[in-house]
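Trainee: Test case, fold it:
(chains A and B)
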Amino acid sequence: MTRFETSRFGHDDEDVVVIVGSGAGGGTLANELCRNGIKVVVLEAGPHLTGEDYVNDEWEAFGQMAWTDPRTASGSWRIAKDFPNLPAWIVKAVGGTTTHCAGACPRFKPHEFHARTTYGDLEGASLLDWPITLSELEPYYDRAEIKMGVSHRHGRPPLPANNNYKVFAGGAAELGYTKVSTGPYATNAEPYDGRPATVQDGFNFQGDKNGSKWSTLVAELPKAALTGNLDLRPDSHVAQILHDGRGRATGVLYTDRNGTLRRQRAAVVCVAGNSIETPRLLLLSASGLFPDGLANSSGQVGRNYMRHTTATAWGQFDKPVNMHRGETMAGVIADESRLDTDRGFTGGYYMETIALGPAFFAKFVAPGDWGPDLTAIVDGYRNTAGMWIIGEDMPQADNRITLSPDVTDAHGLPVADVHVDDHPNDVAMRRHGLGRGTAIYKAVGATRTIETPPYPSTHNLGTSRMSERPGDGVVDRYGRAHDVPNLFVSDGSQFTTGAAANPTLTIVALAVRQAEFIVRELNRTLV
Amino acid sequence: MSALLSAAAHRTLLAVLRRAYPHDTFPVGPYQRVVDAVLTAAAADPRLLAQLVQGLADLDRLRDLPFADLDADTAGAVLRSVQDTPFFRSVIDIAVVKLYDDHEVWDLLGYEGPSFDKGGYVDRGFADLDWLPEPQIEEASA
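Mentor: You can find the predicted model right below:
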């Protein structure tokens, strides 16, 4: 996988679509638009890394790929204590966080599009129904799954059981779970779409040197480049979205790799910077016409930040597991994702296998701990199995992204503050998930179980949510800003609620659908 | 590099690391490499260097014996008494990353590390666990 070349369009080209960010939303949208003959400029803040650049080393890869520009964290969530300057674990490189995500691809369930109606008026939560339904999104889920080569779907074979999965599935069977499988994952069990089968190298989080995992880096963007309609500009950090006197977006200001400030004109601007950077950019784009930030007449930009309710359960045994061999994540238990309020909380959760090397294991298993309790856990590394718990968290109006009043980045722009207070529903779900996760390992003989609090968030959602009524959210059913007719939000920031599912598949499906809308409307209502 | 700290402070830092991260199977080498990493960081960070100079000297004054000569229980109690100080947190933040990123430590813990250049683990035991039955890989209802 080498670095692909793209076309070059002029800074004053007014008919291009500018996309900010090249991850699941931005990269997919770019390909879909390019294939329909639309010229696209993708501005990516990070470098253009490739499979040859990636390294099989957790900390070195983290330093290479992660968004480590400063951010701050506040609120009662554990992250504010454990990782105050790293609230999110996402990627700053071409391909965005698709290069880090393991590729689990469950769909939303029907009721998860109607969270407010289904769960009711939960105190403290700002639940809202999506303006779209599962049946509307199903054709796009199909297209997304085929595009991504999702295992277990559309004739794609399942991944084989690895060591970590054998423990996970064995315990699940003992507890009577039936929705237990090695997928769906967007990783090739056999060659597909010009990319090879996995070699089970165990470095899926570190970019996947083999290119067996779908990402916009290895699939969407090189395909877009072949059309001649893509101008991909890495190392380009967007500082502001510009608009005219009528309140329509006219382009963006960005700093290029040399630190030079550039202006790119555009017919349409699509923001896909992940759910922290997207609202930050809208807030930074405040003007006389939009004093509270672009597209923020509702006051909803940055609010309802969600990150999934997560935790990790580990089991240690008196026999070897060697979880580091094979796919980082390749196992799903879906039984607890059901709608069932008898468990003491609303919403559901998945359990998914996860493996870390000793470097990350020691750092994250009990953040901040030291001493013989920690080292006894680390000594059991070889005999350790792990699972991640991921469930629907409750949106709250004051869980939000704001601009820091006192910290700025290398460009002098205020950084994002990420404020989260756990909702009691999140706490109850996490407790339940850890109880079931550790029970799974005990059922197959674990001599020790360990409960690990959340990692910095990789699933960042909400903050520019979709709503039927303009006053309730930031964008409409196609991701178009209620306030600015040629401005779109194209990433997980659109999510009205978070559902239990890993978000990438839904982000891709929404991007395919949004692209259709832009193609249809470009010469009618957008310009 | 080690001229940044006195020989006594150097010895105390090594003892702090061995008491904070005790592993029966680890030789001294990995801990010494963490000392080197701490000193490298301190060479570029006057604030960290000041914390080290002061913090290590303080540790040696908390009991009648220098810290490095304390038994494990006493040393543990001493470290707990300073565990919230910036000095100790700075050392811990570096140590937990460097110690477990050490390839000798990886070998001792049974971690085989980079695999892509060896063809991954597909032919090297990714599914060799044999103490549990072969599980289902598709949902029972599917």
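
Trainee: after the longest helix seen in chain A comes which helix or strand?
Mentor: Taking DSSP state H as the criterion, chain A has its longest helix at helix A:424-443. Of the helices and strands lying after helix A:424-443 in sequence (DSSP states H and E), the nearest is strand A:448-452.

Trainee: what does the longest helix of chain A rub up against?
Mentor: Contacts to helix A:424-443, defined as C-beta atoms under 8 Å, 6 or more residues apart in numbering or on different chains, come from residues A:122, A:124-125, A:167-168, A:170-172, A:174-175, A:309-311, A:313-315, A:317, A:333, A:336, A:343-347, A:349, A:351, A:385, A:387, A:389, A:391-394, A:446, A:449, A:451. In this view, the C-beta of every residue, glycine as well, is placed from N, C-alpha and C.

Trainee: what do you get if the cut-off is 6 Å, keeping everything else the same?
Mentor: A:171-172, A:174-175, A:309, A:311, A:313, A:315, A:343-345, A:349, A:351, A:387, A:389, A:391, A:393-394, A:449, A:451 (C-beta atoms under 6 Å, 6 or more residues apart in numbering or on different chains).

Trainee: List the buried residues in it.
Mentor: A:425-426, A:428-430, A:432-434, A:436-443 (16 or more other C-beta atoms under 10 Å in any protein chain shown).

Trainee: can you give me how far that helix is from the chain middle?
Mentor: 23 Å (C-alpha atoms, centre = their mean, to the nearest Å).

Trainee: about what we covered before: which of the contacts of helix A:424-443 fall within helices?
Mentor: Secondary structure from DSSP H places A:171-172, A:174 of those in helices.

Trainee: tell me which of the residues you listed is nearest to residue A:103?
Mentor: residue A:172 (20.5 Å; C-beta to C-beta).

Trainee: which residue sits closest to the closest one, ignoring its sequence neighbours?
Mentor: residue A:180 (4.6 Å; C-beta to C-beta, 6 or more residues apart in numbering or on different chains).

Trainee: do residue A:18 as well
Mentor: residue A:266 (3.9 Å).

Trainee: wait, what's in contact with the one you found?
Mentor: Taking C-beta under 6 Å, 6+ apart, one finds A:16, A:18, A:251 in contact with residue A:266.

Trainee: between the residues you listed, which has the most around it?
Mentor: With neighbours taken as other C-beta atoms under 10 Å in any protein chain shown, the top of the contacts of residue A:266 is residue A:18, carrying 26 neighbours.

Trainee: So which bits of the stretch 51-200 of chain A are right by chain B?
Mentor: Proximity of the stretch 51-200 of chain A to chain B, by C-beta under 6 Å from any C-beta of the partner chain, involves residues A:56, A:59, A:158, A:161-163, A:166, A:169-170, A:178-179, A:181-182, A:199-200.

Trainee: which of those tops the neighbour count?
Mentor: Using other C-beta under 10 Å as the neighbour criterion, residue A:162 leads those with 32 neighbours.

Trainee: how about that residue, phi and psi?
Mentor: phi -100, psi -180 (degrees, to the nearest 10).

Trainee: and it, what pLDDT?
Mentor: pLDDT for residue A:162: 98.

Trainee: In this structure it contacts residue B:127, no?
Mentor: Yes - Residue A:162 lies in contact with residue B:127 (C-beta atoms under 6 Å); the separation is 5.4 Å.

Trainee: Show the contacting residues for residue 95.
Mentor: With no chain named, the answer covers chain A. A:215-217.

Trainee: Hmm, no, I was thinking of chain B.
Mentor: Counting by C-beta under 6 Å, 6+ apart, residue B:95 has contacts B:17, B:34.

Trainee: what's downstream of the helix or strand hosting it, the next helix or strand?
Mentor: Per DSSP H and E: residue B:95 is located in helix B:86-99. Sequence order places helix B:103-109 as the next helix or strand after helix B:86-99, per DSSP H and E.

Trainee: Next, the buried residues of that following helix.
Mentor: B:105-106, B:108-109.

Trainee: and the one residue sitting closest to the centre of chain B, how far is that from residue B:86?
Mentor: In chain B, the centroid-proximal residue (C-alpha atoms, centre = their mean) is residue B:99; its distance is 3.5 Å. Distance from residue B:99 to residue B:86, counting by C-beta to C-beta, to the nearest Å: 20 Å.

Trainee: Residue A:109 now?
Mentor: 48 Å.

Trainee: neighbour count winner among those two?
Mentor: Per other C-beta under 10 Å, whichever of residue A:109 and residue B:86 has more neighbours is residue A:109, with 18 against 13.
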